[in-house]
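S.K.: Sequence first, predicted model second:
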Amino acid sequence: MSDPTRAVFIAGTDTGIGKTHAACTLLHALRAAGYSACGMKPVASGCVETVDGLRNDDALALQAASSAPPAYALVNPVALRDPLSPHLAAAHDGVRVSLAPMRAAFEQLRAGHQRVVVEGVGGWLVPLAPGLFAADIAKQWQLPVILVVGLRLGCLNHALLSARAIVADGCDLLGWIGNRVDPSMDAVEENLATLRDLLPAPCLGVLPYGLAPAAAASHLAAAVD
């Protein structure tokens, strides 16, 4: 990420594979390298009503991992209540997701930080609204993509399909991060070797199971260069 105003999109092979963990770890790595960096979760479902408004745990984690944490409304401009696919959660809330408010928040974050780490929602093709998918954030904002691969049974197929879709959509796949979501996974090193051999982008690091983002930052040194 050598461009001083660089932003990157964090995609995942599925829901629940550690996109937020990887994004927060990357933020700590960037800050340790001397960059001002902030996280963003443009759209989040599964938000909880608080005295400050709707809040999402993933977005709060990204906000906390940022340099001089920005306003929550910039980190998560589209907050939806139900823990469902965004297009369904939005329908339940009586709203329609669009890119405009997300882009406005993104531009404010980018103006104030050297690095912006934008985390997607679910997998690459999760619907946000009719005709709009999570992938469109990266595509329309022209963001290079880092794919987070949850290391568990089935990850090879999920990773290869996701990478194929990212490339087919014309996005720049910068690399991938392996995340140990299953500490008892068999043949981890063999699976990692297969991913390194078959994915069309370099491995930027492998995150150990159970290590907090600040402590795991050194494992993503390659993602900062």
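M.R.: Everything's here; your move.
S.K.: Pull up the gap between residue 55 and residue 157, please.
M.R.: Distance, residue 55 to residue 157, using C-beta to C-beta, to the nearest Å: 34 Å. The C-beta positions use only the backbone N, C-alpha and C, and glycine is treated the same way.
S.K.: Please say which of those two ends up with more neighbours.
M.R.: The neighbour count for residue 55 versus residue 157, taken as other C-beta atoms under 10 Å, is higher for residue 55 (17 against 10).
S.K.: Bridging across strands, which residues link to that one?
M.R.: Beta-bridge pairing of residue 55 under DSSP bridges involves residue 48.
S.K.: ok, it to residue 76 distance?
M.R.: Counting by C-beta to C-beta, the gap from residue 55 to residue 76 is 8 Å.
S.K.: And for this structure, the residue most distant from the center?
M.R.: Here the centre of the chain is the reference, and by C-alpha atoms, centre = their mean the most remote residue is residue 51, at 26.7 Å.
S.K.: on that earlier part again, joint contacts of residue 55 and residue 76?
M.R.: Contact criterion C-beta atoms under 8 Å, 6 or more residues apart in numbering; residues shared by residue 55 and residue 76: residue 47.
S.K.: thinking again about what came up before, on the pLDDT front, check the residue farthest from the centre of the chain for me.
M.R.: pLDDT recorded at residue 51 is 96.
S.K.: 39 is where my numbering starts, stick with that
M.R.: From this message on, residue numbering opens at 39, which makes the last subject residue 89.
S.K.: list the contacts for residue 220?
M.R.: Counting by C-beta under 8 Å, 6+ apart, residue 220 touches 188, 189, 190, 191, 247.
S.K.: So what does the second one have for phi and psi?
M.R.: For residue 189, the backbone dihedrals are phi -80, psi 100 (criterion: degrees, to the nearest 10).
S.K.: and it, how many residues sit next to it?
M.R.: Residue 189: 24 neighbours (other C-beta under 10 Å).
S.K.: Surely it is in contact with residue 225?
M.R.: No - Residue 189 is beyond contact range of residue 225, at 10.4 Å (criterion: C-beta atoms under 8 Å).
S.K.: where along the chain do the helices fall?
M.R.: Secondary structure of the chain, counting by DSSP state H: helices at 57-70, 95-103, 110-113, 124-131, 137-150, 173-179, 193-206, 226-236, 251-254, 259-262.
S.K.: Same list (these) but as JSON lines, adding distance to residue 220 and mean pLDDT.
M.R.: Listed next are those as JSON lines, based on distance: least, C-beta to C-beta, whole Å; pLDDT from 0 to 100:
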{"stretch": "helix 57-70", "distance to residue 220": "14", "mean pLDDT": "97"}
{"stretch": "helix 95-103", "distance to residue 220": "20", "mean pLDDT": "98"}
{"stretch": "helix 110-113", "distance to residue 220": "29", "mean pLDDT": "98"}
{"stretch": "helix 124-131", "distance to residue 220": "26", "mean pLDDT": "97"}
{"stretch": "helix 137-150", "distance to residue 220": "32", "mean pLDDT": "96"}
{"stretch": "helix 173-179", "distance to residue 220": "26", "mean pLDDT": "97"}
{"stretch": "helix 193-206", "distance to residue 220": "9", "mean pLDDT": "98"}
{"stretch": "helix 226-236", "distance to residue 220": "9", "mean pLDDT": "98"}
{"stretch": "helix 251-254", "distance to residue 220": "17", "mean pLDDT": "96"}
{"stretch": "helix 259-262", "distance to residue 220": "22", "mean pLDDT": "85"}
